[in-house]
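S.K.: Predicted model and sequence below, questions to follow.
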Amino acid sequence: MKKVKPILALLLILLLSISLFACGGGDSNSGGDSSSEPAEEPADTAGGNSVVFQMDTEPDCMDPSINDYANGSMAIYQLFVGLMKYDAEGNVIPGCAETYDVSQDGLTYTFHLRDGLKWSDGQPLTAGDFEYGLKRMVDPEVGSEAAYTIYDYIKNARACFVDGTATLDEVGVKAIDDTTLEITLENPTPWLPTLLTAWCPIRKDIVDQYGDDWAYHAESYVCNGPFVPSEMVPEEYYTFVKNENYYDAANVKLDEVKYVFLGDEVTSLLAWEKGEIDIATSVSADAKEKYKDSDNLRSYARPGFRYYEVNCEKITDPRVRKALAMGLDRQTLVSDIIKDDSLKPLRGWVAYSIADPVDQTKDWRDVQGMTFEEDYEAAKQLLADAGYPNGEGLTIELVQTNDATLVKVAQAMAQMWKQNLGIETEIKTVESGVYWADDTGTRDAGDFDVCYMGYTSDFDDPLCLLMCFDNSSGDEVTRWKNEEYQGIIKKLYSGVSGEEREELCKQAEAILTEEVPVIPIYSYASSALVNDRIQGFVRINGGAPRFEYVSISE
């Protein structure tokens with residue numbers, strides 16, 4: 001492992017020592033009552049034309065064909081650009097594709113790439129690179145975790161990745177020539193341009209040369225976005241520098257963005273207040289309270305939600321699952337435990353910031369209302385009907401990672417279930433790596449009764465969240481299947497629109513309301529503490545920043 005630069009190493013050691021002293025070496029959120037103190041002005045950052053950006057952990061994946069993690073997207077969106085991209089206001093605009101045509105039946109899209117596109121190493125970027133990148137997402141030998149984001153749309157992609165009845169050559173992506181790419185769909189998909197913001201080209205010769213490790217070393221990381229890695233020091237920091245071969249490099253104002261990985265919220269806050277960090281994304285409840293009246297605390301809408309998965313093979317009675325959902329006070333969790341009123345309590349399975357299919361100027365939740373209410377007496381009756389009067393004989397194992405806020409939320413949920421329903425809860429905390437490990441991890445292995453999870457939408461339609469609970473492809477973390485529900489999701493994929501689409505989504509939510517394979521808690525919002533010198537910082541769609549649009553004030 002490379003050593004961290006001496007100055008940064010000293011900073012991290014100093015800040016960690018300060019935070020541990022202030023916290024007594026304990027909970028990272030227990031460092032005194034900062035809400036009673038006046039908010040400090042962040043120090044000026046002597047960083048020139050560069051930005052220091054804090055994330056709690058190193059990205060789990062840096063390969064855009066495989067990544068299905070929010071922390072991976074936080075970095076990848078600075079390094080890659082798809083056929084389409086987001087502008088600074090969150091609108092989908094042409095990226096590497098200058099124009100595109102759609103066939104009359106809505107099944108074939110033909111993309112015309114910009115002239116002179118280049119990779120970060122100066123090599124020409126062609127439509128063939130997009131064909132390789134998209135097909136790599138559904139190559140069974142690669143086994144991409146992101147395959148589901150593509151295989152329900154592109155022709156024969158599911159047959160290739162899931163069923164094994166089609167070859168990669170039969171998948172509906174084809175480079176007609178170096179600047180023309182044709183994508184054929186299974187069904188009309190009007191939100192395809194949004195999906196294309198996340199589907200990236202990949203250099204086959206780089207993958208062939210370096211294998212799966214190509215995306216974890218700066219010397220082999222060839223990309224096509226506004227920035228390119230110059231340093232990738234595991235678990236410490238990544239440095240991205242301006243990519244002079246980016247097609248819109250003339251409008252990129254920053255020379256450098258440094259991603260620093262600091263999981264301790266107190267340490268991050270101290271570093272931000274000292275000006276050693278320009279943007280902090282690990283913002284504790286105390287920090288939000290401290291800076292709630294400051295322009296430095298920013299909140300960004302995010303179309304996703306925090307929920308808790310129920311292992312339906314262990315908690316088999318839907319009445320018990322529904323009682324658990326109805327027995328929580330979400331407003332208290334948001335306002336008093338997490339202390340973030342930008343989060344909206346959610347009593348349904350489609351988050352806020354998702355448009356209604358009939359009137360897309362309106363939010364689905366505002367149009368449809370909630371699908372259930374918190375009703376402790378009704379929940380107790382459900383438990384009694386299921387054989388647990390006053391919660392007697394029922395103990396729930398609630399599992400999450402050791403994130404300080406998650407632990408506080410789990411403790412509050414346990415107290416609510418005890419007080420409101422008489423249910424006992426055993427809280428189990430595990431390391432993040434153990435929790436998320438593929439196949440064998442706590443969550444994937446089903447080693448829980450209830451465990452925490454969340455999801456952020458990839459496109460502006462209720463389907464993007466409702467599809468998470470389909471489980472027709474074998475990804476059965478909740479161990480719940482419902483044929484009626486799967487049929488509805490299949491119809492939604494077929495491209496139905498308007499009132500028919502709205503009605504199907506309502507039917508899907510109605511099934512979830514009765515079956516409750518997961519317990520919704522709140523709609524997401526992305527927070528950050530931002531230094532005054534940073535101009536144009538935005539967090540778009542899934543909460544990932546776009547440093548392409550950031551500049552430094554004089």
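M.R.: On my side now, so go ahead.
S.K.: Under the pLDDT cut-off, which ranges of the chain? List them.
M.R.: Within the chain, the segments meeting pLDDT under 70 span 1-47, 472-476.
S.K.: How about the secondary structure of residue 408?
M.R.: Three-state call for residue 408 (DSSP: H, G, I helix; E, B strand; the rest coil): helix.
S.K.: Looks like it contacts residue 337 (just checking).
M.R.: Yes - if you go by C-beta atoms under 8 Å, residue 408 and residue 337 touch, sitting 5.5 Å apart. C-beta: built from backbone N, CA, C; applies to glycine.
S.K.: Next, show the common contact partners of the two.
M.R.: residue 285 (C-beta atoms under 8 Å, 6 or more residues apart in numbering).
S.K.: mind listing the helices for the stretch 351-500 of the chain?
M.R.: Secondary structure of the stretch 351-500 of the chain, counting by DSSP state H, counting those that start in this stretch: helices at 364-368, 376-385, 404-421, 432-436, 463-466, 483-493, 498-515.
S.K.: Please report how far residue 120 lies from residue 242.
M.R.: According to C-beta to C-beta, to the nearest Å, residue 120 and residue 242 sit 10 Å apart.
S.K.: now could you export just the CA positions of stretch 337-350 as CSV?
M.R.: Backbone C-alpha positions of stretch 337-350 (Å, rounded to 0.1, in the frame of the first residue of the first chain) are rendered in CSV as follows:
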residue,chain,number,x,y,z
ILE,A,337,-33.1,10.8,16.6
ILE,A,338,-31.6,11.7,13.2
LYS,A,339,-32.4,15.4,13.7
ASP,A,340,-32.8,16.1,10.0
ASP,A,341,-36.1,17.6,9.0
SER,A,342,-35.1,17.5,5.3
LEU,A,343,-36.0,13.8,5.5
LYS,A,344,-39.7,13.1,5.0
PRO,A,345,-41.4,10.3,7.0
LEU,A,346,-42.6,7.7,4.5
ARG,A,347,-45.7,5.5,4.9
GLY,A,348,-45.6,3.9,1.5
TRP,A,349,-43.2,2.3,-1.0
VAL,A,350,-42.7,5.0,-3.5
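S.K.: Identify each buried residue in that stretch, please.
M.R.: Within stretch 337-350, the residues scored as buried using 16 or more other C-beta atoms under 10 Å are 337-340, 342-350.
S.K.: now the residues you listed as CSV including secondary structure and distance to residue 275?
M.R.: Shown next, in CSV, are the buried residues of stretch 337-350 (DSSP: H, G, I helix; E, B strand; the rest coil; distance: C-beta to C-beta, whole Å):
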residue, secondary structure, distance to residue 275
337, helix, 30
338, helix, 27
339, coil, 25
340, coil, 24
342, coil, 25
343, coil, 28
344, strand, 33
345, strand, 36
346, coil, 37
347, coil, 42
348, coil, 42
349, coil, 42
350, coil, 41
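S.K.: could you list every residue that touches the residue of the chain most remote from its centre?
M.R.: Distance from the C-alpha centroid of the chain peaks at residue 389, with 38.9 Å (C-alpha atoms, centre = their mean). Applying C-beta under 8 Å, 6+ apart to residue 389 gives the contacts residue 383.
S.K.: quick one on the thing from earlier: show me the common contact partners of residue 120 and residue 242, please.
M.R.: Counting by C-beta under 8 Å, 6+ apart, the residues touching both residue 120 and residue 242 are residue 228.
S.K.: residues touching residue 56, list them.
M.R.: By C-beta under 8 Å, 6+ apart, the neighbours of residue 56 are 71, 261-263, 268, 281-282.
S.K.: Also residue 119?
M.R.: With C-beta under 8 Å, 6+ apart, residue 119 has these contacts: 125, 129, 203, 222-224, 245.
S.K.: quick check, nearest of these to residue 444?
M.R.: residue 223 (29.7 Å; C-beta to C-beta).
S.K.: Checking my notes, that closest one in a strand, right?
M.R.: No - assigned with three-state DSSP, residue 223 falls outside any strand and is coil.
S.K.: now it: how far from residue 78?
M.R.: Residue 223 sits 9 Å away from residue 78, going by C-beta to C-beta.
S.K.: Kindly report the same for residue 351.
M.R.: With distances taken as C-beta to C-beta, residue 351 is found 25 Å from residue 78.
S.K.: Looking at those two, which one has more neighbours?
M.R.: Taking other C-beta atoms under 10 Å, residue 351 and residue 78 do not tie; residue 351 has more neighbours (29 against 26).
S.K.: wait, what's in contact with the more buried one?
M.R.: Contact partners of residue 351, counting by C-beta under 8 Å, 6+ apart, are 303-305, 365, 457, 465, 523-524.
S.K.: Any idea how far stretch 85-100 is from the middle of the chain?
M.R.: Centroid separation between stretch 85-100 and its chain, computed with C-alpha atoms, centre = their mean, to the nearest Å, is 20 Å.
S.K.: and the end-to-end length of that stretch?
M.R.: The straight-line separation of the ends of stretch 85-100 (C-alpha to C-alpha, to the nearest Å) is 14 Å.
S.K.: quick one: the strands in the stretch 201-350 of the chain?
M.R.: Taking DSSP state E, counting those that start in this stretch, the strands of the stretch 201-350 of the chain run over residues 227-233, 237-242, 256-261, 279-280, 297-310, 344-345.
S.K.: ok, the fifth one: who's next to it in the sheet?
M.R.: Sheet pairing of strand 297-310 (DSSP bridges) gives strand 450-456 (antiparallel), strand 518-530 (antiparallel).
S.K.: Distance of residue 418 relative to residue 498?
M.R.: 46 Å.
S.K.: now do residue 518
M.R.: Taking C-beta to C-beta, one finds residue 518 at 28 Å from residue 498.
S.K.: gap between residue 504 and residue 316?
M.R.: From residue 504 over to residue 316 (counting by C-beta to C-beta), the distance is 27 Å.
S.K.: neighbour-wise, which of the two wins?
M.R.: The neighbour comparison of residue 504 against residue 316 (other C-beta under 10 Å) goes to residue 504, with 22 against 13.
S.K.: Go ahead and confirm the more buried one touches residue 491.
M.R.: Yes - under the criterion of C-beta under 8 Å, residue 504 makes contact with residue 491 at 5.6 Å.
S.K.: Is it correct that residue 446 is in contact with residue 477?
M.R.: Yes - counting by C-beta under 8 Å, residue 477 is a contact partner of residue 446 at 7.2 Å.
S.K.: Of the two, give the one with the bigger neighbour count.
M.R.: Taking neighbours as other C-beta under 10 Å, residue 446 and residue 477 compare with residue 477 leading, 21 against 17.
S.K.: With adjacent residues omitted, what lies nearest to residue 376?
M.R.: residue 420 (4.4 Å; C-beta to C-beta, 6 or more residues apart in numbering).
S.K.: Would you check that that neighbour makes contact with residue 377?
M.R.: No - if you go by C-beta under 8 Å, residue 420 and residue 377 don't touch, sitting 9.3 Å apart.
S.K.: Compare neighbour counts for those two and give me the winner.
M.R.: When residue 420 and residue 377 are compared on other C-beta under 10 Å, the one with more neighbours turns out to be residue 420, at 20 against 9.
S.K.: what about the more buried one, distance to residue 328?
M.R.: Applying C-beta to C-beta, the value for residue 420 to residue 328 is 8 Å.
S.K.: Over to residue 546?
M.R.: Residue 546 is 35 Å from residue 328, by C-beta to C-beta.
S.K.: quick one: which of those two has more around it?
M.R.: Neighbour count, other C-beta under 10 Å: between residue 546 and residue 328, residue 328 has more, with 24 against 20.
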